[in-house]
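Undergrad: Give me a model of this one.
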Amino acid sequence: MKRVAKVIGFVVAAIALVWAMRDRFISVATSREPEPPAFKAEPPPPRAVTVDSLDGIGPVFAERLTTAGLGTVDALAKASPDRVTEAAGVSAARARTWIDLANDSASTPN
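TA: So this is what the prediction gives:
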């Protein structure tokens with residue numbers, strides 16, 4: 001009976017030791033695992049800024065300019081005043097104003 005009590009005591013002591021050291025055993029096991037690979041996600045392409053974001057160009061003029069292929073700020077900045085005048089049906093002075101606004105907006109980083 002004494003021998004059984006000693007064996008049970010030894011087993012209980014071993015279990016208590018393992019239980020007390022469990023965090024150390026777990027951290028050693030996980031630290032040896034390789035790091036997962038880091039994937040590089042490509043940034044999304046920059047969105048084109050539409051002309052309706054400029055002051056003085058509402059939805060009607062924006063639609064006219066888009067139909068003529070001048071729907072983005074960059075395209076409007078590169079266009080001639082005559083082309084903008086013809087596309088939107090506005091005066092040359094207003095077309096030059098829009099082109100200047102587009103150039104200012106295109107050169108300013110977002």
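
Undergrad: C-terminal to the helix or strand bottoming out on mean pLDDT in the chain, what's the next element?
TA: Every helix and strand in the chain was compared by mean pLDDT, DSSP states H and E; the lowest is helix 22-31, with a mean of 62. Sequence-wise, the next helix or strand downstream of helix 22-31 (DSSP states H and E) is helix 59-67.

Undergrad: If you count contacts, what does the very next helix or strand once past that next one end up packed against?
TA: Downstream of helix 59-67, the first helix or strand assigned by DSSP H and E is helix 73-78. With contacts defined as 3 or more Cβ pairs under 8 Å, 6 or more residues apart in numbering; DSSP states H and E, the packing partners of helix 73-78 are helix 92-107. (Glycine included, C-beta is placed from N, CA and C.)

Undergrad: Just the buried positions in the helix it packs on, please.
TA: For helix 92-107, the neighbour count (16 or more other Cβ atoms under 10 Å) marks R94, A95, T97, W98, I99, L101, A102, S105, A106 as buried.
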